[in-house]
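Participant: Provided below for reference: sequence and predicted model.
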Amino acid sequence: MENIQKEDFSKITLTAIQAALKAGEVLKEGFLNTKFKVSKKEGTHNLVTEYDYKSETIIIDIIKKNYPDHKILSEEKGSIDSSSNYQWIIDPLDGTVNFAHLIPMFCVSIGILKNNQIVSGVIYQPITNELFFAQKNKGSFLNGNPLKVTGTKNLNEAILATGFPYNLKENPDKTIERFSNILKLGVPIRRIGSAALDIAYVAAGRFDLFWETNLKAWDIAAGALILQQANGIITDFTGSPFEIKKENAIIASNNLIHDQFVKQLNKL
């Protein structure tokens, strides 16, 4: 937070940052302790740990203290509804499978909607101490430094990232065929296991593009704004505008290779 000029951002963005940092501290403590309870949810390797719940409780408590009338949608607790125009969308631990297997690639993700438009987004990776955040019309940042997507113009020169749904064996949205289409390009493809981090990495210029299907609002809300404010673009698999309120198959990119990728992905 030392590089962040607090007067430049709204109270709601700063509250989201505070919540992400506090939840991240608890996740880091639990990860380094290596002793925690792990349970299974529906789907292959779809796990939840006691730290998903601990992180979620911290975030919701901070929201309720500062904005008791706001709506909340969180991965584990579900919906907390009200008549407010604001809604907080929370993934208290994105990358739970990594966390449960002691792989240090996970994050806290908090997005805030006003009238169904994303106005603030925060993603915090506690192991690397990287805080990605954005406020609408204010830009996006990593530990206070401005973010910008890559300038890669040729898909054949790109580094890509992807993820796979828990029900991959059912091949939703022709995941396997689409993945094969991209493999044929012969370009580097990474799979780190946290959609929120993947999108943040596109915003930071580490990846040129990320794609995945069957993502939920809490996987995407914060990252979408962070990417857009870094001059990136996020759409569905056809290139149509991204919609936060439905299950999403998304492409998040530097914009320059987006159309090339859409064409290659859809050679079905």
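Facilitator: Yes, it's here.
Participant: Got the domain ranges for the chain?
Facilitator: 6-146, 155-265 (automatic domain parsing).
Participant: can you redo the ones you listed as a markdown table with mean pLDDT?
Facilitator: Output for the domains of the chain, formatted as a markdown table (pLDDT from 0 to 100):
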| stretch | mean pLDDT |
| --- | --- |
| domain 6-146 | 91 |
| domain 155-265 | 95 |
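Participant: With mean neighbour count added, can I get those domains in a markdown table?
Facilitator: For glycine as for every other residue, the C-beta is placed from the backbone atoms N, C-alpha and C. As requested, those are exported to a markdown table (neighbours: other C-beta atoms under 10 Å):
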| stretch | mean neighbour count |
| --- | --- |
| domain 6-146 | 19 |
| domain 155-265 | 20 |
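Participant: Could you pull out the helices in this structure for me?
Facilitator: For the chain, the helices defined by DSSP state H occupy 11-33, 50-66, 96-100, 175-183, 195-203, 217-228, 258-265.
Participant: In CSV, list those helices along with distance to residue 106.
Facilitator: Shown next, in CSV, are the helices of the chain (distance: least, C-beta to C-beta, whole Å):
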stretch, distance to residue 106
helix 11-33, 7
helix 50-66, 10
helix 96-100, 5
helix 175-183, 22
helix 195-203, 8
helix 217-228, 12
helix 258-265, 26
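Participant: Residue 87: which of those is closest?
Facilitator: Nearest to residue 87, of all the helices of the chain, is helix 217-228, at 9.2 Å by C-beta to C-beta.
Participant: Dead centre of the protein: give me the residue that sits there.
Facilitator: residue 196 (1.8 Å; C-alpha atoms, centre = their mean).
Participant: can you pull up the bridge partners for the nearest residue to that one once chain neighbours are set aside?
Facilitator: Of all residues not flanking residue 196 in the chain, residue 109 sits nearest, at 4.0 Å (C-beta to C-beta, 6 or more residues apart in numbering). Note on residue 109: beta-bridge partners residue 91, residue 123, judged by DSSP bridges.
Participant: you'd agree residue 109 is up against residue 118?
Facilitator: No: using C-beta atoms under 8 Å as the test, residue 109 is too far from residue 118 to be in contact (11.9 Å).
Participant: so what sits against both of those two?
Facilitator: Taking C-beta atoms under 8 Å, 6 or more residues apart in numbering as the contact rule, residue 109 and residue 118 both touch 221-222.
Participant: on that earlier part again, in contact with the residue nearest to the centre of the chain, which residues?
Facilitator: 91, 94-95, 107, 109, 123, 219-220, 222-223.
Participant: for residue 31, same thing?
Facilitator: 51, 99, 102, 104, 106, 126-127.
Participant: ok, it to residue 57 distance?
Facilitator: Separation of residue 31 from residue 57 (C-beta to C-beta, to the nearest Å) stands at 17 Å.
Participant: cool, residue 28 as well?
Facilitator: Residue 28 sits 16 Å away from residue 57 when distances are taken as C-beta to C-beta.
Participant: cool, residue 23 as well?
Facilitator: 9 Å.
Participant: who's in contact with residue 12?
Facilitator: Contacts of residue 12 (C-beta under 8 Å, 6+ apart): 67, 86, 112, 119-120.
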